[in-house]
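Colleague: okay, predicted coordinates and the sequence, questions at the end:
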Amino acid sequence: MANHRMTHSGEPLPLGATLTQSGVNFAVYSEHSTQLYLCLYDHEGNETDRLPFSHKHRGIWHMEVEGLAIGQHYGLRAEGPFSQKDMHFFNINKLLLDPYAKQLSERLVFHEEQKTIQADGNLDIRDSGNLVPKSIVTHLEPIAHPKPNKPKGFQRSLYELHIKGFTKKLDIEEALQGTYLGACCDTAIEHLKRLGITTIQLMPCFAFVDEVHLQEKGLTNYWGYNPINFFTPDFRYAIDDPIREFQEMVVRFHKAGFEVIIDVVYNHTAESELHHGTTCYRGLDNASYYRHHEGEYLNYTGCGNCIDTNHPASVRLICDSMRHWVEIFGIDGFRFDLGVDLGREQHDFSPTAPLLQAILQDPILSQTTLVMEPWDIGPNGYQVGHFPRGFIECNDKYRDTIRRFWRGDTHVVPDFATRLMGSRDVFHKGYKCALHSVNYITYHDGYTLKDLVSYHRRHNLANLEDNRDGHSDNISQNFGVEGETDDMRIQQARINQQKCFLATLLFSQGTPHLLSGDELSHSQKGNNNAYCQDNEITWIDWQNTESELSLIDTIQALLALRSKFPILAEAFLPDDPLYQHTKTDEVLWFNELGQPMSMEDWNDPERDYISLQLLESSSSSKLLLIFYREDQPLSVSLPHGANFKSVLFSTDAQVQIKQSKLELFKRSVLLIELDS
């Protein structure tokens, strides 16, 4: 085709497509390519020009093209070596997305023609130009709006929300169901404000793709942990314009007083394994973007590849993406999926890895809320408690211990007390406060709270993997019947158990995480790996029984108490050097006789009762927090010299108070205020 465009050398930075006075500057990192081409398209998808880049600086090809404007569709093609030994897979036949594209023409769907390697290892010469979305030149401005005050650490409570699952069955206009605008509609915001949470944690919203094996089974990627672009919100949650609608959603959340963070997947991309589609990074510079060794990917994510976050180009890409979401979309923070990969250097994890340090020194990113999932499946991939300060970390030790305690396991009370007090064995005294521990009972990847008390075994047949996927040990309890039941006694026991879980979570030292739908007793019918279920299994049912809806009021009451008494979130302990500059609080442990816990008490394998007295120095409030996990009556004495003032919270409405005695009738959590 004839090329009549006037081009100039342009600039290597910023990367991506940037408007200039006379056109558009394009800059793309591709260190190992021998030639890069800019392919221009009209809005019908016809290629109009193919322009070779003529300038390259430090691995970045750059060129300014006169006469181009906002709305121009484009793609990239790269020439270079094709050698699996060296992990180079340049293929001029494959159209590639700009890694820095801020707008895409459509969703990406996998097609065989996108493969760059044939089954025999040879070059695939089929052209993919008509099957890959086009990058679009755009210029985005942040929407000016006042952000809410950032919640103080002891106030923060995370609420994990899936855009579609949260809104698909919400009683709102049908066009809004399953969308960004549905998530921030008045009905949704009213519900979130009623709960009292501070922070909305959105599940992945980056443009993502359905995995090949899911397409073959007629399933879809529902969760979204399979990104192809780090700068654009996905089309599937938009009515018309995903960029504008995502911005509007964040603005509405902010106006309602919520902090907004997004779950980000910077550890791998949807290009997956070598013989899957090539639509961006693999075709531009596979050897730089992905971790590899001896001609194979290092698959530390279990998703076919992992981003080489030790490489400067990847560090820049991720940090630029994060700033884009903060500056353009107004995001207040990030939850990092499989974060150990982000902290690997050549191979091993290090808290001083380049990407982690780049984030923490950045004047914008370092001020956001940074939540880390501190593991991947690679060597030494479990790093809970080892990330640098500035990141708070998901604590699965907390989840497992709390589940074991309420299931009635033996030898668990000492560990239960440790988790309750912020897991100081993991988040060490003198270095990190308890708020670094993100405590949770349920997350998206596992049972919902209702299923945790309703199922003994996973029920994942709908995933079409012969029920082999998902965790096999869920530390769950079904109270005598597997799944749904009409037995009122079992139903009541399950509701009570859910309240005990919630009370434990929200009265624990650390930062609590709630899973959306748990307040509505949402069930996934025992599916603990519903990543591919875009249907009634995962869509939250807003029509619930009165007893199930009581969980909303429970969460509201618990969060209000947590805010009123900061010691419930973070106690300033006298033996912790972190607090040597301030007044310290007092925490004492007692048994059911009101006596201090002895070594014999701590070592009792069958112990079902434990309480702690909290004396807050800043307010002189004296609280007694009680945990009892047996369904038998128990008479409890207050600590010696303590006088009852009021019951601030109880999971059991039948609890009775007689002088200095409490009469408990079943498993329960209580918060009592004592006369100070």
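Modeller: That came through, no problem. Note that this is a predicted model, so its numbers are computed, not measured.
Colleague: residue 635 is in what secondary structure piece?
Modeller: Per DSSP states H and E: residue 635 is located in strand 634-637.
Colleague: pLDDT wise, what is residue 145 at?
Modeller: Looking at residue 145, its pLDDT reads 86.
Colleague: tell me the phi and psi of residue 244?
Modeller: In terms of degrees, to the nearest 10, the main-chain angles of residue 244 are phi -60, psi -40.
Colleague: going forward, begin numbering at 4 instead of 1
Modeller: Renumbered: residue one is now 4, and that last one reads residue 247.
Colleague: so who does it touch?
Modeller: By CB atoms under 8 Å, 6 or more residues apart in numbering, no residues touch residue 247. Glycine gets a C-beta too; all of them are placed from N, C-alpha and C.
Colleague: circling back to that earlier point, now the helix or strand following the strand holding residue 638: mean pLDDT?
Modeller: The helix or strand immediately downstream of strand 637-640 is strand 647-653, counting by DSSP H and E. Across strand 647-653, pLDDT averages out at 95.
Colleague: quick check: beta-bridge partners of residue 27?
Modeller: residue 22, residue 68 (DSSP bridges).
Colleague: so it is in contact with residue 75, correct?
Modeller: Yes: under the criterion of CB atoms under 8 Å, residue 27 is in contact with residue 75, at a separation of 6.6 Å.
Colleague: sorry, back to before: direction included, what does the strand holding residue 638 pair up with?
Modeller: Per DSSP bridges, strand 637-640 is paired in its sheet with strand 664-667 (antiparallel).
Colleague: so the most centrally placed residue in the chain is in which element?
Modeller: For the chain, the residue nearest the mean C-alpha position is residue 266 (3.9 Å; CA atoms, centre = their mean). Residue 266 belongs to strand 262-267 when elements are defined using DSSP H and E.
Colleague: in terms of secondary structure, what does that strand contact?
Modeller: Other helices and strands packing on strand 262-267, by 3 or more CB pairs under 8 Å, 6 or more residues apart in numbering; DSSP states H and E, are strand 202-205, helix 245-258, helix 315-330, strand 336-339, strand 372-375.
Colleague: residue 161 and residue 513 touch, don't they?
Modeller: No: between residue 161 and residue 513 there is no contact under CB under 8 Å: 10.9 Å.
Colleague: need the overlap of contacts for the two.
Modeller: Common neighbours of residue 161 and residue 513 (criterion: CB under 8 Å, 6+ apart): residue 441.
Colleague: in terms of neighbours, single out the busier of residue 27 and residue 75.
Modeller: Neighbours per residue (other CB atoms under 10 Å) separate residue 27 from residue 75, with residue 27 holding more: 24 against 21.
Colleague: return the distance of that one relative to residue 68.
Modeller: Distance, residue 27 to residue 68, by CB to CB, to the nearest Å: 6 Å.
Colleague: with residue 45 instead?
Modeller: From residue 45 over to residue 68 the distance is 15 Å, taken as CB to CB.
Colleague: before we move on, what about residue 449?
Modeller: 50 Å.
Colleague: what of residue 201?
Modeller: Computed as CB to CB, the residue 201 to residue 68 distance reads 46 Å.
Colleague: same question for residue 295.
Modeller: Separation of residue 295 from residue 68 (CB to CB) stands at 34 Å.
Colleague: quick one, which of the two is more surrounded?
Modeller: Neighbour comparison, residue 295 and residue 68: the larger count goes to residue 68, with 24 against 19 (by other CB under 10 Å).
Colleague: and that one, what is it in contact with?
Modeller: Each residue near residue 68 by CB under 8 Å, 6+ apart is listed here: 8, 9, 10, 26, 27, 29, 41, 43, 54.
Colleague: who wins on neighbours among those residues?
Modeller: Highest neighbour count within those, by other CB under 10 Å: residue 29, with 28 neighbours.
Colleague: how is that residue assigned, secondary-structure-wise?
Modeller: strand (DSSP: H, G, I helix; E, B strand; the rest coil).
Colleague: now do the one 10 residues further on
Modeller: Look at residue 39: counting by three-state DSSP, its state is strand.
Colleague: just to check, it is in contact with residue 56?
Modeller: Yes: here residue 39 reaches residue 56: they are 4.5 Å apart, a contact under CB under 8 Å.
Colleague: need the residues touching each of these two.
Modeller: Shared contacts of residue 39 and residue 56 (CB under 8 Å, 6+ apart): 31, 64.
Colleague: just the helices in the stretch 354-503 of the chain please.
Modeller: 357-364, 399-410, 416-423, 452-455, 491-509 (DSSP state H, counting those that start in this stretch).
Colleague: who does the first one touch, helix- and strand-wise?
Modeller: So the one you mean is helix 357-364. Packing partners of helix 357-364 (3+ CB pairs under 8 Å, 6+ apart): helix 315-330.
Colleague: list the buried residues of the helix it packs on.
Modeller: By 16 or more other CB atoms under 10 Å, the buried positions in helix 315-330 come out as 316, 317, 318, 320, 321, 322, 323, 324, 325, 327, 328, 329.
Colleague: with adjacent residues omitted, what lies nearest to the fifth one?
Modeller: The one in question is residue 321. Spatially, and ignoring its direct neighbours in sequence, residue 321 is nearest to residue 269 (4.9 Å; CB to CB, 6 or more residues apart in numbering).
Colleague: what sits against that neighbour?
Modeller: Residues in contact with residue 269 (CB under 8 Å, 6+ apart) are 233, 310, 312, 321, 324, 339, 340, 345.
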